[in-house]
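Visitor: With the input below, show me the fold.
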Amino acid sequence: MFKSSYGSGIRAFSLLVVLVGAGLAGCPASSSRPDFGPNAAVPSRPVPSPETVPTTDAPSQPNAATQAQPTADEPAKPVSPPENSPTNTAASPTAAAHGNPLTLGVWNMEWLSETENAGNAPRSAADYARLASYLPTIDADVMVLQEVESLVAVRRVFAEPEWNAHIADQQSNQRVAVVWRDGVQLQVLPDYEALNTSRLREGVDFEVTLPGESAPTVRVLGVHLKSGCFSDDYRTAGSDACVKLATQVPLLEAWIDARATEGVPYLVVGDFNRRLHAADPFWLELDDRQPAGADLEMTYGAARPLCWNSRYDQFVDHLVLGGPAIPLFVANSFREFVYPAADDAFRERLSDHCPLLIDLAAP
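Guide: Alright, predicted model coming up:
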């Protein structure tokens with residue numbers, strides 16, 4: 001994977017990681033990474049502005065009563081599938097032959113607090129250590145995180161010096177962050193504050209250079225959108241959650257349109273709190289192909305969640321490819337890390353989401 005290209009060594013890719021189908025590839029070269037702290041200054045970059053459509057045909061919706069305020073999205077129960085069991089086979093975007101990949105992941109960590117035995121999801125020191133113990137198997141180069149309280153909380157799982165980190169600069173105990181392995185060429189850009197409508201969560205915006213000589217750079221927006229409007233028509237449903245999500249849609253589209261206009265490879269990744277499908281009004285609004293380059297692709301194909309015994313049958317976390325990033329997707333690289341069955345007893349102290357990952361590489 002990407003690690004060898006940056007001198008981090010190849011890590012074992014094993015255990016209960018579930019593969020699905022799809023394909024990735026290149027971007028322009030990015031600038032080298034400065035030292036980013038939680039409130040470090042970042043290079044100035046204009047913040048873009050916002051704009052998708054019909055039906056909701058999403059199966060099995062979570063209990064709306066448990067999904068009100070910005071909180072962890074629908075709970076999910078990890079199950080360890082039988083070893084060597086085939087899972088989530090799916091068609092994926094077209095992909096050419098690729099070089100050494102970069103692994104990009106998303107992980108909602110469910111109220112990850114900086115203090116032991118505190119907050120909405122109390123954890124012991126052993127629980128933090130257990131989360132960190134999964135990282136060699138998850139084997140990501142870059143992870144976009146949701147529901148983390150602070151940089152201190154992030155560091156309890158993603159420790160220095162192996163991991164660098166940036167967290168959205170807002171007053172909230174549910175923030176979005178990005179972590180990346182030392183040696184990865186990643187440039188943090190100003191947080192996408194526009195998504196913070198009605199006390200919602202800001203996005204993290206960054207560029208990451210793929211491995212390889214003259215490799216391209218990809219622009220990535222990490223998000224955690226309003227919870228509670230999982231499959232209703234957000235334009236007409238009238239619920240508080242859908243009304244708030246409706247305020248975020250044009251802002252998300254504005255970011256996508258700005259990247260399409262620039263002609264750069266881009267992705268939007270994270271917890272969308274939405275079951276995306278081809279006829280979803282939310283998806284159609286974003287994937288309107290206007291302007292040219294505002295063409296989006298989902299990456300999970302026909303895969304279905306296995307997390308916590310497949311409690312939910314559709315993903316709400318997504319890694320969405322945009323425009324020139326579509327051919328950078330390495331075919332069949334979508335996968336879901338499923339918590340070991342031996343850790344089922346710790347379900348309430350791990351997370352209600354399982355990490356999702358894809359590979360990106362230059363052709």
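
Visitor: which residues touch Gly99?
Guide: 211-212, 215, 361-363 (Cβ atoms under 8 Å, 6 or more residues apart in numbering). For every residue, glycine as well, the C-beta is placed using N, CA and C.

Visitor: all helices for this structure, in order.
Guide: Using DSSP state H, the helices assigned to the chain run over residues 2-5, 125-133, 135-138, 151-155, 240-262, 281-286, 307-310.

Visitor: follow-up on the earlier one: and which of the contacts of Gly99 is nearest to Val268?
Guide: Within these, proximity to Val268 (Cβ to Cβ) peaks at Ala361, which comes in at 19.3 Å.

Visitor: hang on, the closest one packs against Asn100?
Guide: Yes - contact criterion Cβ atoms under 8 Å: Ala361 and Asn100 qualify, at 6.3 Å.

Visitor: higher neighbour count, these two?
Guide: Under the neighbour definition other Cβ atoms under 10 Å, Ala361 and Asn100 were set side by side, and Ala361 has more, 29 against 17.

Visitor: Give me the pLDDT for that one.
Guide: We have a pLDDT of 97 for Ala361.

Visitor: Could you do Glu207 as well?
Guide: So, for Glu207, pLDDT stands at 98.

Visitor: neighbours around it, how many?
Guide: Around Glu207 there are 24 residues (other Cβ under 10 Å).

Visitor: ok so, going back, may I ask which of the contacts of Gly99 has the most neighbours?
Guide: Ala361 (29 neighbours).

Visitor: I'd like to know how far that one sits from Val330.
Guide: 5 Å (Cβ to Cβ, to the nearest Å).

Visitor: swap in Ala342?
Guide: Ala342 is 30 Å from Val330, where distance means Cβ to Cβ.

Visitor: Tell me which of these two has more neighbours.
Guide: Legend: neighbour count by other Cβ under 10 Å for Ala342 and Val330, higher for Val330 (24 against 8).

Visitor: The more buried one is in contact with Ile358, isn't it?
Guide: Yes - here Val330 reaches Ile358: they are 7.4 Å apart, a contact under Cβ under 8 Å.

Visitor: related to what we said a few turns ago, anything in contact with each of Ala361 and Asn100?
Guide: Between them, Ala361 and Asn100 share the contacting residues 211-212, judged by Cβ under 8 Å, 6+ apart.

Visitor: OK, contacts around Ile165?
Guide: Slight slip there: residue 165 is Ala, not Ile. 36, 151, 154-155, 158, 177-180 are the contacts of Ala165 under Cβ under 8 Å, 6+ apart.

Visitor: same thing but at 7 Å, please
Guide: Ala165 is in contact with 151, 154-155, 158, 177, 179, counting by Cβ atoms under 7 Å, 6 or more residues apart in numbering.

Visitor: One more: Pro355?
Guide: By Cβ under 7 Å, 6+ apart, Pro355 lies in contact with 105-107, 138, 337.

Visitor: Run through the stretch 251-363 of the chain and note the low-pLDDT ranges.
Guide: Judged by pLDDT under 70, the stretch 251-363 of the chain has no weakly predicted residues.

Visitor: hey, where'd the strands end up in it?
Guide: Taking DSSP state E, counting those that start in this stretch, the strands of the stretch 251-363 of the chain run over residues 266-271, 296-297, 317-322, 335-337, 356-360.

Visitor: Could you take these and lay them out as a markdown table, with extra columns for distance to Gly222?
Guide: Listed next are the strands of the stretch 251-363 of the chain as a markdown table, based on distance: least, Cβ to Cβ, whole Å:
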| stretch | distance to Gly222 |
| --- | --- |
| strand 266-271 | 5 |
| strand 296-297 | 16 |
| strand 317-322 | 10 |
| strand 335-337 | 18 |
| strand 356-360 | 13 |
